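J.: Requesting a structural model of the entry that follows:
(2 chains)
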Amino acid sequence: MPRVNLPAPYQATAEKLYSEVSTRIMGKIDGWEFATGKRQIDELRAFLRDKAGELGDTMFLLEITQQDDTDRAELTPQLIIEANASEPALIKVGRSLRVIEVTRAGFSEEIELDDVKASEISEGKAIAFREQAMLVRFFADGRPAGAINPTALSSRVGRHSRFTRRAEDYEDCILDHYRERVRNWRTDHWANPREQRKLRAGLGRASRTEDIFQNALLDWFDLHLTASVKGKVGQVTSDQTDIEITAPGKLYIVEIKWLGENENGTPYNIDRVAEGLRQVRDYLEKQGKAKRGTLVVYDGRSDREFQEIENVIGELAPGCKCIHKSGDDNVPARGCCMILFLRSTTASQT
Amino acid sequence: MSFAQTDRYKDVLFALRAANESGESPGRLQLQKLIYLADILSAAWRKIGKPAAFLPYKNGPYDPSIQNVVDTLAFRGLVEVTGLAFRQPRITESNYRLSDAGNGAVDAAAALQPMRDDLELYREIARQVDERGWKNIKALVYAEPTYEATGARNGSRRLRTDTRTTNLTLGVLNDFQEAFSREESRPISRSNLIQVFFALLDKHAGISPGNPD
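T.: Residues are numbered from 1 along each chain as shown, chains lettered A, B, ... in the order given. Below you'll find the model as predicted:
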């Protein structure tokens, strides 16, 4: 069947609509009305922007429902601050963002309110988590449903605008993440960046070294890509890939590998790249609708070993090499392989 | 009476019923546009295509059989005509409402499931248009990608609404639905699909729903 040749402005609008918070929630919460939800998110954004000064650094949770809330109390900064004074509260709001109910969030004050707790609380619910003045994350039925920056006036249901990318520019998004987060180990992947170059074996909800990079990249995509992003942490079948990026009419896949040694003593050498290329090739063959697949390799080996990588097409950025082949395995026609060097203070010492 | 005209009896009756339920008695050209939106969306709504009928016209997409049918229904007492005014020779303005007999005909037709399905589509469209203001239906139709892509307002080529390549709305909604079913745990409902469509039009028509004035 021939592809629809949709005018570019409509395609861009469709992608943006697809990645909006109300759309994401619609796919996870039964009975969620898209248009009502869109209005609620816009109104919430305006409220948080206008009341940012009064709310200060207050972190809080809102359960967003589409129940009738006629004659209910107005949502105010004072109500939010008082509700969260002793322990985290869950404030339930209705169609007009009026307060239906205030309950305890269900965990003690010793446990810090963060995105992991917000995700857990969102089982069967749509939750807005105000993490800071510039970041509100949404979760629905235990999964991320997008984020907004209420203070960015130029974006409607917006994202951090400086790094916002469209779905087809996901590889540029990977480089943004590398430059902003990975290269200076803000992803906290080193067991001890000042000593030997050993990667962590786990971090928080990441139970494997690979999951540390995958979770970090997923979070970055979620904030900056106008697309839907899904990760499969710890997958065991060859039919699944690490990350799927979906937009109307588009599907891209990302496979993640790491090289070097982790604190469990597990070593991974350059042969893993060929393994990753085979996985990408197999997936692209099975998934005809996938437009492109990218193997991202985080290289924690020595600087010398990184410089000795063969079959290099070019350097996309300092510390990022793009290759066309590894061993006997070529990068597939609809694919790309990026090897990203992991800096540390001991990079030159091996 | 032509086949096309026969087909339009249901469309005119259902369109008027849905609009009247929203409190609106659509004018001559508004009725054309309302039925055009239903033609565009019916393929996505229940995957039944219609023969190409609309021509791009200087006042928007136009199917002469629709006007013939509404005039016939008015003659037979199923449609009430109000606000009749003659602007120029052969150009009249009027508003339409279903009579009690017309409403009875709709109720009888809607007893059949496929017909009831079509009526629901008209109701959903009328709800969305009502939220944006009926005076904005022209901007909405002009922003619809199939009509927008035809370019010429006086073209003689009929607007086909039955295939993905000619009905651009069907194409983009199909892509949307496919991506949704791959990614999300719940399928997108037809009602939400229509809401997404109108959100797409809002951007290009420069309309803010909920502020019809």
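J.: what's A:Ala167 in contact with, if anything?
T.: By Cβ atoms under 8 Å, 6 or more residues apart in numbering or on different chains, the residues touching A:Ala167 are A:Glu15, A:Leu225, A:Thr226, A:Ala227, A:Ile245, A:Thr246, A:Ala247, A:Lys250, A:Tyr252. Heads up, the C-betas are built off the backbone N, CA and C, glycines and all.
J.: So which of the residues you listed would count as near chain B as well?
T.: With Cβ under 8 Å from any Cβ of the partner chain as the criterion, the contacts of A:Ala167 include A:Thr246, A:Ala247, A:Lys250 near chain B.
J.: Of the contacts of A:Ala167, which one scores lowest on pLDDT?
T.: Within the contacts of A:Ala167, pLDDT reaches its minimum at A:Thr226, with 77.
J.: Test my guess that that one contacts A:Arg166.
T.: Yes: counting by Cβ atoms under 8 Å, A:Thr226 touches A:Arg166, with 5.5 Å between them.
J.: Between these two, which contacts overlap?
T.: A:Glu15, A:Ala247.
J.: residues contacting A:Thr294?
T.: Applying Cβ under 8 Å, 6+ apart, the residues contacting A:Thr294 are A:Tyr170, A:Glu171, A:Ile174, A:Tyr252, A:Ile253, A:Val254, A:Glu255, A:Val280, A:Gly335, A:Cys336, A:Cys337, A:Met338.
J.: Can you flag which of these belong to strands?
T.: Of the positions in the contacts of A:Thr294, A:Tyr252, A:Ile253, A:Val254, A:Glu255, A:Gly335, A:Cys336, A:Cys337, A:Met338 sit in strands, assigned by DSSP state E.
J.: Which one of those is nearest to B:Thr92?
T.: Of all those, the one with the least separation from B:Thr92 (Cβ to Cβ) is A:Tyr252, at 54.8 Å.
J.: What is the burial count for that closest one?
T.: Around A:Tyr252 there are 23 other residues, counting by other Cβ atoms under 10 Å in any protein chain shown.
J.: Okay, and the beta partners of the closest residue to it other than its chain neighbours?
T.: The shortest distance from A:Tyr252 to any non-neighbouring residue, by Cβ to Cβ, 6 or more residues apart in numbering or on different chains, is to A:Ile245 (4.3 Å). A:Ile245 has these beta-bridge partners by DSSP bridges: A:Val229, A:Tyr252.
J.: What are the contacting residues of the longest strand along chain B?
T.: Ordering each strand of chain B by length in residues (DSSP E) puts strand B:79-88 first. Strand B:79-88 is touched from outside by B:12, B:16, B:25, B:27, B:70, B:73-74, B:92-99, B:102, with contacts defined as Cβ under 8 Å, 6+ apart.
J.: what's whichever residue of chain B sits closest to chain A in contact with, if anything?
T.: Closest contact between chain B and chain A, by Cβ to the nearest Cβ, is at B:Glu184 (2.7 Å). By Cβ under 8 Å, 6+ apart, the contact list for B:Glu184 reads A:Arg24, A:Met26, A:Gly27, A:Lys28, A:Ser228.
J.: which among these gets closest to chain B?
T.: For these, the closest approach to chain B (Cβ to the nearest Cβ) belongs to A:Gly27, at 2.7 Å.
J.: leaving aside the residues next to it on the chain, what's closest to that closest one?
T.: Distances taken as Cβ to Cβ, 6+ apart put B:Glu184 closest to A:Gly27, at 2.7 Å, once the chain neighbours are dropped.
J.: Same question for stretch B:40-47: list its buried residues.
T.: B:Ile40, B:Leu41, B:Ser42, B:Ala43, B:Ala44, B:Trp45 (16 or more other Cβ atoms under 10 Å in any protein chain shown).
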